[in-house]
Each structure stands twice: as structure tokens, then as C-alpha cells.
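[1] Give me a 3D structure for the following:
(4 chains)
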Protein chains: 4
Amino acid sequence: MTLRGYTTPRTPSGRAGLVPAPPWHYVGDFLVVDYWADPDAASSLLPEGLEPFIEPGRCAAVFADWQSCSEGGDELTDPVRSQYKEAYIVTSALLDSEPVSYCAFIWVDQDFAMARGWIQGFPKKRGEVWMTRTFQIPSIAAPAIGPGAAFGATCHARGRELARVRVTLERESERGSVHTDPPIVNVRHFPRLSAGDRERPAVHELVRAVSRDRSVSQIWEGPAALELFDAPGEEHTMLAPVSVARGYRFTFAYTVDDLVTVKELGT
Amino acid sequence: MTLRGYTTPRTPSGRAGLVPAPPWHYVGDFLVVDYWADPDAASSLLPEGLEPFIEPGRCAAVFADWQSCSEGGDELTDPVRSQYKEAYIVTSALLDSEPVSYCAFIWVDQDFAMARGWIQGFPKKRGEVWMTRTFQIPSIAAPAIGPGAAFGATCHARGRELARVRVTLERESERGSVHTDPPIVNVRHFPRLSAGDRERPAVHELVRAVSRDRSVSQIWEGPAALELFDAPGEEHTMLAPVSVARGYRFTFAYTVDDLVTVKELGT
Amino acid sequence: MTLRGYTTPRTPSGRAGLVPAPPWHYVGDFLVVDYWADPDAASSLLPEGLEPFIEPGRCAAVFADWQSCSEGGDELTDPVRSQYKEAYIVTSALLDSEPVSYCAFIWVDQDFAMARGWIQGFPKKRGEVWMTRTFQIPSIAAPAIGPGAAFGATCHARGRELARVRVTLERESERGSVHTDPPIVNVRHFPRLSAGDRERPAVHELVRAVSRDRSVSQIWEGPAALELFDAPGEEHTMLAPVSVARGYRFTFAYTVDDLVTVKELGT
Amino acid sequence: MTLRGYTTPRTPSGRAGLVPAPPWHYVGDFLVVDYWADPDAASSLLPEGLEPFIEPGRCAAVFADWQSCSEGGDELTDPVRSQYKEAYIVTSALLDSEPVSYCAFIWVDQDFAMARGWIQGFPKKRGEVWMTRTFQIPSIAAPAIGPGAAFGATCHARGRELARVRVTLERESERGSVHTDPPIVNVRHFPRLSAGDRERPAVHELVRAVSRDRSVSQIWEGPAALELFDAPGEEHTMLAPVSVARGYRFTFAYTVDDLVTVKELGT
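    Predicted coordinates:
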């Protein structure tokens, strides 16, 4: 009998795998803050194959409150297997002179999303993420999307707060976040443990994210605040904000079932 | 200097209390299943002061995904202090011949909501709750409110699943959930520990919930399924479904800053 | 039929209550740091009925990794219902000229322990606590109790770190922690919600903890470090360390099934 | 500048990586139940390269309460980064006619341990694990190691209980668990996402665990009970117990910094 499953644990039916096979369908609420970090620090985090952006230090902090499912999957009515929240920081870079977004740090609150991220090259660690929500009726207990509405989000890992943002909506946005506009390029990386071989990862390649069926709601923008906090075993404050541009709030949906290998990397 | 604070820990400023002073403003998404349990079991759970309903065994399972805040509070932009989810079971009863809803079992995922419940007489224990969400743009990864949309919710405590519901929307509902219609009546209960005094609770009173500024979205209804599961230290399966009526999905908002003591209870 | 149970939810059998009836048996590993805070701040946190200690500002930070059970309970072989960790800060005070320890702030990671604390007057909120452990065989991955062994502990609530201690064992301790020596005196406090009555808590009394069958292991002591961190909705940094005395490590067991009301308090 | 780090996220210093570089030092308390599952089911879960054991269906359920650290790491005094618990099921198999233990299912409660497991070929998913503890002083609230002492452990994932064991100590064990005696052989597996390449994992190899500096405490054994429970997205009940042999309780320590690739696998 053959074992099946896109990820382990693999079984004859393939139903126990941590990550169901793609395609993966996603929809989520986003809070994004475009900002600027120290240019040298940002450049120092770029992997082989990427060059510093023309305006080095250009970054964005992204918070997402997701619901996702596989094709024909039953996750949507078993939401413990479909919902997760994550926070990440991208920095702009150049790949063959074209702008790209490189995800330097990311935390997510569910295991299936962490593994799904590793497969796509997102360097996911586990964290807790919270984001102000809207509801479909007016209430003192929720912002109504419109001028003056205040949204907050926080990211925590291992009991330490890592990031906090606040965005106050001002007006509908014509173009949305500028700093997250370039396509995502990540590094897929899977180590070796064999004693003589540890310096040579089993997988180490630059990859470009591919997605389809993308749609986005009306985007709102306004002034924003961003704070990053130190914690043991974390280095994201290398990308601490030097200046903050604008914040954005929107809902976004897409489907992922492909990835392009840009380049095999050395070690 | 005087200590202040609606709950402990109390300090000169009162800002450390687990529960901020009322009023408390709430908005939440609801999934409700009207159902019938064993009449004798339902009656056996009623406290002193309540009589069995004319149709004993009438119950509802309620799942709520809440955001709440105190007056002028900063919780909304620090959502770890404003969001929580809970699940509970009410059974219908009579108070002085009038129909009421008695909350027999309830689980909630945040400490402030647990304590706020105790103050109102909800017998809250800690649990995790998940509920299918909607988003403001179409996506394979979320139901669109309308005929055929499927919603699920689950409740878990101490790593054991306690309840699971599924509601498939069929049509707009004219009157909404029937079984949760009567006002909530709870028992506020706070024990004594003094050795000779333990049989005589410090607080033991029948109370009627009071709320204001209630509003509700369009309610949708449809066929529903409900399962309750045994777990150590739990007895909610006493109210296991014998038959299931209908399920309801809506958003609800209200404000709480009062409570009426109906009757002091003996021990 | 009569409802039974020491706490809610109450049922005919009483088996669903969040807190089983006393006696409660406890055993736990402790890390304690005796230290000094600002005297005025410490005095300002004392409730009615307690006077400042002769050396105001005397405090201790206590971390405990507990296992507990009720009489004849099955919790020990279902450890999700018997294990919990907590952290708290006591400050010394005088009750009728006698030294007592007043618990100003405390966080605990399980609901049953939170409610059990409320019943005894501990102002418990939910938090996560971690503490270095020992094991019964030598390993690089654990300190061996003896000179030079380093222990750490942290407390986190709602994703924010609140406290961090480190104790390096130096020698066996003859008398153990001095600052936690006086008996614990707490305030039992349970609010009212009725609109006209909210300033008058339903329960508000000074109580003295009672315990029996106390035993303690060999105590080790050594130099210690303590840090307290600010967080939204918290005020424990009022008791931030001005100077740190010594740290202690030991295992402690006792049984609780009584409490003495010292004084009914005004509001 | 070069990025460093054994795992992502990689930085110039390498300090942010989810898993610090080996060696990894471990010590943990174990509860093991030797048992027998359905032979066909057990055989059906074996990967390419392994043959059914001479007594197919031979399995063990293992619960471990770990503390671990890297070489010279500061994790021990920051225990949120050193402690974790896990539960797994091994089934016996043959590799080139020699007995081996294959880990079919495993759950762990910390991200760093989950990733460290993937690197060694353990098919880790996230779960919560609880295990009865011992303490260094006598107490009603803890078993004393000796005849009659009862230990329990449970494993839960996504709010569903997956496994429950109970072991009652009877006597010191001469040889310990028989079913976990053969060395562990796993499958390292890392998928591809590229559309045309998804059937061909990037890493898919049979590996044999290597460890050093192993030590074990006195082992105790006695009668045991084991229950496995169904849950959505899980298939471990394929290995439900047909008969249960014995349970074991001990403490174990070792160091890992190597792994042997036995065979590259097809897809």
C-alpha cells in the first residue's frame, strides 16, 4: 500500500496530513502599515539573490485575520481548522532590478498555517495575533468603517509582545499600501541534521509566490502608529520604524496552488 | 488612600481590575440552535425559584463571537482585551408563571468575560470557541449570507470537545430563535470557605438580566445539527438533544449596566 | 430536586462545578525573591484594615508550579484538571500590629485555580507562568539542585510579559524567605451590578488564610534578579524592585479547607 | 553580508532562528504504554523502505514532559523556550530485517519542538499534552514513586482529546518498555508547491535517529490502560489498542546532533 498526503503524517488515505493538498483558498481582514526602517539593517537581512531596494529601508508591517480552506474541504464548518491570524514584516528589495517584497519575519497562531508558510518560504514562528473587528450592525463596541474609525492590532510570541499597530481611517484609498505592492519573494529553507552535512541545507532556494483569483475590498487609509518590541530569541526590532508613512485597512481574498523557483541558493 | 476598582485587584487608580466598571457595550455574531432535551433532565437543573416550563426540555445552544468595551475604554484598539468567544446552553423555565431562559452551562475564552459572567450569574468556565466567519468580499473561503450558506461552531474545554453545531441558512427569519426569546434569569453564587459556614454561600440570589440599546441584524434561519459530548468534570450532556428545531445566524449588540435581584435564595 | 456543587454550574450531582468542594490538597515547586519596592507605593495598595509594615515596601515575588486535588478526587490522573502555575506579589503589612503578607497582584493559568483564588480573596487574573524544572537524573538540560544551579521564571498575561526572575543557588537556607514569612491576609470581594447598588460590593471582607498539613523541602537560597514590566490594564509595576535581597527555591505542600473572616469592610 | 541560522528566519547573527543549531540536550519524564494494534492497519502505515515487523501491530504510546536546550544556550533560565510536552505512537517494523520503531503520529505543544521534529522526520502536529507529576516531598497531591502510584496523561489537539493513558506502578522494571526498544526510523519529508512538481517532494528520505549521552532513571512498570479518540483531520485511531501489555514510568536524557540517511525514497 502507498502512503499519501501532501505533508506528514502520511497515511493510506492522506487525511491526517497537517496541510491538505493545494489549492488553498484564503480570505482575510488586513491592517497594513507602510513605514521606513534603518536602510543598512534592512539590507543586511536580504538573502542571496536579492539586492537592496532603490530606497533601502522601505518596509511594511502586515496583520491578517484569515479564514482558509482546501478544495472541497470541510474546514469552513470546522473553523478550528480554517481560521488563523498572523503578523509579518516585509522589506522591499530588487530581484534582477525588479522590485519585490521579502518577508523577513512572520508569526502565526496555527500549526497548519505555520507549515503551509514553510512550504512557501515564509519563515513562520508561532505567535498570537489580535485585530480590531468590524460587525455588520452599528455598536459602540466596534468601529464603523469610515473617517475616524480606529483599528488596533498586536502580535505576541511566547508571552512577549512583539508588535503593535494602530490605524485611524481617514479616507478611501486610491492605490492602497505602496510598500506591499511588489510581489513576494521568499527563501524556502529546510535544514540537514547529518553531522557532516549540516552546513548544506536540504532545501535552500529563492522562490516567487504565485496566486490567482485575487480580489480586494475598498481600501481605507489614514495615519498610523507602529511599535516593535524586543524579545529573547527575536530580532525583528532590526526593522524598527524610523518613520511611519500610512496605514491601510481592507479585506483580501486569493487562491494559492503554485510557486516559482527563482534560483537555487548556495549555503 | 482608598482602593478603587469594580473588581480585584483594587488599586488607588482602579485601572488594574480584571473587569472595568459598567456600562459594558457588546457586539457579536451569533449562531443559535433551538432544540429539545429530556424534560426531566432539564427540570432537574432549575434552581430554587424557577418552575419547569410548560413544555419542559425546551433548550437552545448559543455560540457568540464577541467584541466588547467599557465606557470610554481603550479596549477596542487593544483587541486582546475586547474580543472573546463563548458557548452556552439555556433551558426555558417559569418565574412567577412567566417564561424565562435559564443559563445552565457556559464556557468562555477570556478571564475578564468569565468574571463579568460570574457577576451577572452566568456559571462560566473557561473554554475555547470557534465559529465560521463571514467577510465583506466573496471568497471560496467564507460563506456568503444567503440560502445554502453553511456555518459551524465548536466549543472545547481543557482539551475536550464539548459541543458542535452546524446551521445551513435557508431563508430570512421572521421571528428568530424562539427558545432564547424569554429574558435571561441566572443565579449569582459566591461560596464561603470558613469551615463552619461552607453550606451557606456568601451570595446566592436569583437575578434577572437587564440590558439596553439592543439591536439586531437581519436574522437568517435554516436546518441545524447539534452534538454534545461528555467530558470529565462536565455534565452538559444532561441536556443532550432529543430533537433539533431550527438554527439561526445574526449579529446582535447591546449594553449592560444593571441587574435586578429577583429573590434571595436559601442554601 | 436540589442543586448541589460548591461553585457554579450547580447540578443535582454537583460534579460540574468549576471548583470541587474543599479540602484542597496542594504540592508545588517555588521560586521566591525577597525584595523592596517604593514604600509609599506599597502602602498605597493596602486595603482598609491593614496598616503599613514597620519597614514599608517589603515585598516578595512568588512563582509556583502546582499540582492539586480535592479529597478523593480523580484530578491527579487527569492532570489537565490538577496542574497549574501562578505568580504573585505580596507586600508586608500590619494587622492589629502583627505582621501579615498581603497579596496585591496574582496571575494563574487555569480557571479552577482562578476561581479558587477568588474564594480565598486572591485577586487572580489569568496569566501564563513558566519555571525552570529539575529532573531526577543529571542532564545538561536541567539544573541540579546545588551551588551554582540557575533557575528562571516568567509571568505573562494577554501576550505581555509581566515579570521575570532569576535565582542562582548558593547554599542551603536556614530560614528561607523572610518576606513571605507572615501569614497571608486577603480581601474577598464580589461586586454588585444592580444600578443603584454598585458602590456597595456584595462581599467585601478582610480574611486570613488558614492551612494545615504544611511541609517543605530543604530550601536553597542565593542571589536573585527581578524585573517587572508594564502592560495595558496592569499596575503591578507600582511594586517595581528598588532593591533585591535574596532568592529561594523549594518544594511546598499543604491543605486548605478553612478561612477566617477578620473584618467586614466598608466600601 | 551573509545570513546565518540553522532554521529560518535567518539573520546576520542567526539568533532569530526558530530552532537553534544542534547539539540539542534533552531531559524528560516519560509514560509509555506497550500495546498491540490491528496488524494490517499498522502495516499499512509503514513507509517505503520498511517491512512489517515479525509480530505486526506491535505499538507503543509515548508521553514525554521535556526540558531541552542548545549548547551554551540561555533557554534553561527562560523556560518558555526550553519546556514542551509531546505524545506519539510508534509501531515496530523491519529495516533490512532488523527491528526498528517507526513514529506514525506525534503531537507537541511548542513551535521550536515541532520544527525540530520535522528536521528529524517526526511528523509533528501541534497538540497539548498533560502528565501527572511527582514532587520531591510527600503530598496527597502527587503520587510517590512506588507500588500503587497512579499516573495519567492526555493528548489533545485543536480542542479534541486524542489519547489518554493511565499507568499504575507495580514494581521496578528490569528491562523497561519492549515495544520502544528498537531504534527510531523516520521519514524526512518536505513538499514542493510548484504546479508541475507537486508529486515530487523536495525531501523524502528514510532516516535513522542518532543520539548520544543517553541515560535513564530507574524504570517502574505496571498495568496500563490506553484509549485513542477520533477527531477531524486525525487518523491515529487506525492504531487503536486491540490489547494492552504494560506501562512504564521513567526519566530519560540524551543529546542529539546527528542523523543518518538510510535511503532516498521515491514519491
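[2] Pull up the per-residue confidence for the closest residue to chain B within the stretch 101-250 of chain A.
    In the stretch 101-250 of chain A, the residue found nearest to chain B is residue A:152; the distance is 3.2 Å by C-beta to the nearest C-beta. Using the backbone N, CA and C atoms, a C-beta is placed for each residue, glycine as well. Per-residue confidence (pLDDT) for residue A:152: 98.
[3] tell me the contacts of it?
    Going by C-beta atoms under 8 Å, 6 or more residues apart in numbering or on different chains, residue A:152 touches A:131-132, A:164-167, B:76-79.
[4] So which residues on the stretch 101-250 of chain A come close to chain D?
    Residues of the stretch 101-250 of chain A lying close to chain D by C-beta under 8 Å from any C-beta of the partner chain are A:104-106, A:110-111, A:114-115, A:118-120, A:123, A:125-126, A:158-159, A:187-195, A:198, A:202-203, A:210, A:232-236, A:238.
[5] Which of those residues fall in strands?
    A:104-106, A:125-126, A:187-190, A:203, A:210 (DSSP state E).
[6] For these, which entry has the maximal number of neighbours?
    In terms of neighbour count, residue A:105 stands highest of those at 30 neighbours, by other C-beta atoms under 10 Å in any protein chain shown.
[7] close enough to count as contact, that one and residue A:237?
    No: here residue A:105 lies out of contact with residue A:237, judged by C-beta atoms under 8 Å, at a distance of 9.8 Å.
[8] Can you get me a residue count around the closest residue in space to residue A:224 that isn't next to it in sequence?
    Spatial nearest neighbour of residue A:224, excluding adjacent residues (C-beta to C-beta, 6 or more residues apart in numbering or on different chains): residue A:247 at 2.9 Å. Residues near residue A:247, counting by other C-beta under 10 Å, number 29.
[9] what's across from residue A:247 in the sheet?
    residue A:33, residue A:222 (DSSP bridges).
[10] what residues are up against it?
    Residue A:247 neighbours (C-beta under 8 Å, 6+ apart): A:31-34, A:151, A:165-168, A:221-224.
[11] Farthest-apart pair in the ones in strands among the residues of the stretch 101-250 of chain A next to chain D, please.
    A:126 and A:210 (25.7 Å; C-beta to C-beta).
[12] how close does the residue nearest to residue A:224 sit to residue D:69?
    Distance, residue A:247 to residue D:69, by C-beta to C-beta, to the nearest Å: 40 Å.
[13] what do you get for residue A:92?
    From residue A:92 to residue D:69 the distance is 37 Å (C-beta to C-beta).
[14] Tell me who's in contact with residue A:3.
    Counting by C-beta under 8 Å, 6+ apart, residue A:3 has contacts A:10-12, A:14, D:45, D:47-48.
[15] Going by distance to residue A:39, which of these wins?
    residue A:10 (45.2 Å).
[16] What about that closest one, how many residues nearby?
    Using other C-beta under 10 Å: residue A:10 sits among 22 other residues.
[17] what's the pLDDT at the closest residue to it other than its chain neighbours?
    Excluding its sequence neighbours, the residue lying closest to residue A:10 (C-beta to C-beta, 6+ apart) is residue A:3, at 4.0 Å. You'll see residue A:3 listed with a pLDDT of 96.
[18] follow-up on the earlier one: so what sits opposite the residue of the stretch 101-250 of chain A closest to chain B in the bridge?
    Beta-bridge partners, per DSSP bridges, of residue A:152: residue A:166.
[19] Check chain A and tell me which residue is nearest its centre.
    Residue closest to the mean C-alpha point of chain A, counted by C-alpha atoms, centre = their mean, is residue A:88 at 4.7 Å.
[20] which residues in the stretch 1-150 of chain A form strands?
    A:24-36, A:51-52, A:58-70, A:83-95, A:98-108, A:124-126, A:128-131, A:150-157 (DSSP state E, counting those that start in this stretch).
[21] which one of those strands lies closest to residue A:176?
    Going by C-beta to C-beta, the one of the strands of the stretch 1-150 of chain A nearest residue A:176 is strand A:24-36, 8.1 Å.
[22] remind me which residues of chain A are low pLDDT?
    A:1, A:267 (pLDDT under 70).
[23] what residues does it put near chain C?
    A:128, A:130, A:154, A:156, A:158-161, A:231.
[24] Measure how far the direction of the helix of greatest length in chain A deviates from that of helix D:111-120, in degrees.
    Under DSSP state H, the helix in chain A containing the largest number of residues is helix A:111-120. For helix A:111-120 against helix D:111-120, the angle by axes from the mean of the first three to the mean of the last three C-alpha atoms, to 10 degrees is 50 degrees.
[25] Between the contacts of residue A:152, which sits nearest chain C?
    residue B:78 (5.4 Å).
[26] Let me see the contact set for the closest one.
    Contact partners of residue B:78, counting by C-beta under 8 Å, 6+ apart, are A:130, A:152, A:154, C:232.
[27] same thing but at 6 Å, please
    The neighbours of residue B:78, taking C-beta atoms under 6 Å, 6 or more residues apart in numbering or on different chains as the test, are A:152, C:232.
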